[in-house]
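Participant: Return atomic coordinates for the entry below.
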Amino acid sequence: MTTPPDSIPTPPRSWPGGPGHPDIREWLAGPRSRRSELARLGRIFAEFLRGFRALHFLGPCVTVFGSARVPESDPHYAMARAMGRRLAGLGLTVMTGGGPGIMEAANRGAHEAGGRSIGCNIRLPQEQRPNPYVDRFVTFRYFFVRKVMLVKYSVAFVVMPGGFGTLDELFESATLVQTGKIAAFPIVLMGTEFWAPMLAFMRETLTARGMVDRSDLDILTVTDSVDEAVAAIERGVEALPRVPRPPRRRWLLLER
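Facilitator: Numbering: from 1, shown residues only. Below you'll find the model as predicted:
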C-alpha cells in the first residue's frame, strides 16, 4: 500500500544513545586478559547471529550510502528519495544505515512505493534518530559487523554525497569488487559535481602513479540520472549468479 507523500508513519522505538559499553573503545587498544577477549568474541558472535537472523529473508537488497546531515531541501535528498522509489519498483529491498538525511530519503522513497525498507544502525554518540520510514532496523555495536551486513545482503550499492562514513563504505565496497572478494556488484555514484574532485584525483594521481589500474575505475558508474542508475543496477543484477534455493523460514528456529 502506497503512503501519500505528506503522510509520515510513526517512528520506530528510539535507538540507544551513545557508544555504550567501554568495550567499544577498548577492543582495538591492544591485548586484554584472556577472559575479557573471550567474552568479546562471544559478543561479536552474538551480534553477527542477531544480524543474520534479522536480515536472512529480506531478498536481494540495494544498499544506499550517504550523509545523515543532508536536509530535506537539498536536491540530493530528492534524488535519493526517487532512487528508493525506483528500487522498490524493481522488487528490491532498500537498505540504509536507517538514520536521517540521505538514508531517510532512500527509505522514504521505498516506503512510499510500498517496498521493503531496512535500516542497519551503528551506536554513535550523535545522529542516533531513526527515520520513520524503515520497516525493520537492527542496531550494531561494532562497525565491522554492521558493514558486513550492509554488503552481505546487497546486490548493488548506491553512493550519494557524504562524509567519512560514506567514503569508508564506498572504498570498502570498491575494494571488495576489485579484489574479487565479492561479485562485480554495481557501484553507482550519484551527484557528479560532488564526486568530480575525487574522481579527478583517482585519474590524475592514483592511476598516473600506478596505484590503481585505469580499468579499476570502471567499477564505478557516475551519474545524476536516476534512470541511468537504475539501468546500471538492472544490468549488474542480471549478470549475477542466481541463488539456487531461496531460504525458507523454520518455525522451530523462531525465524520471522
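
Participant: State the mean pLDDT of stretch 56-68.
Facilitator: The average pLDDT for stretch 56-68 rounds to 92.

Participant: buried sites along it?
Facilitator: Neighbour counts over stretch 56-68 (16 or more other CB atoms under 10 Å) mark L58, C61, V62, T63, V64, F65, G66, S67, A68 as buried. Quick note: C-beta positions are derived from backbone N, CA and C, even for glycine.

Participant: State the pair within the residues you listed that is farthest apart.
Facilitator: L58 and S67 (24.0 Å; CB to CB).

Participant: For the buried residues of stretch 56-68, give me JSON lines that also has secondary structure.
Facilitator: Shown next, in JSON lines, are these (DSSP: H, G, I helix; E, B strand; the rest coil):
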{"residue": "L58", "secondary structure": "coil"}
{"residue": "C61", "secondary structure": "strand"}
{"residue": "V62", "secondary structure": "strand"}
{"residue": "T63", "secondary structure": "strand"}
{"residue": "V64", "secondary structure": "strand"}
{"residue": "F65", "secondary structure": "strand"}
{"residue": "G66", "secondary structure": "coil"}
{"residue": "S67", "secondary structure": "coil"}
{"residue": "A68", "secondary structure": "coil"}
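
Participant: can you put the residues you listed in a markdown table and add distance to W195?
Facilitator: Below are the buried residues of stretch 56-68 laid out as a markdown table (distance: CB to CB, whole Å):
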| residue | distance to W195 |
| --- | --- |
| L58 | 28 |
| C61 | 23 |
| V62 | 18 |
| T63 | 17 |
| V64 | 15 |
| F65 | 12 |
| G66 | 12 |
| S67 | 13 |
| A68 | 18 |
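
Participant: residue ranges for the strands of the stretch 101-250 of the chain, please.
Facilitator: 117-122, 136-140, 154-159, 187-190, 220-223 (DSSP state E, counting those that start in this stretch).

Participant: which one of those lies closest to H76?
Facilitator: Closest approach to H76 among the strands of the stretch 101-250 of the chain is made by strand 187-190 (7.5 Å; CB to CB).

Participant: for that closest one, packing partners?
Facilitator: If you count contacts as 3 or more CB pairs under 8 Å, 6 or more residues apart in numbering; DSSP states H and E, strand 187-190 packs onto helix 75-89, strand 154-159, helix 164-178, strand 220-223, helix 226-239.

Participant: Can you say which of the strands of the stretch 101-250 of the chain is nearest to A78?
Facilitator: strand 187-190 (11.2 Å).

Participant: Give me the contact list for that closest one.
Facilitator: The set of residues external to strand 187-190 that reach it, using CB atoms under 8 Å, 6 or more residues apart in numbering, is 76, 79-80, 83, 156-160, 170, 173-174, 177, 195, 219-224, 226, 229, 232-233.
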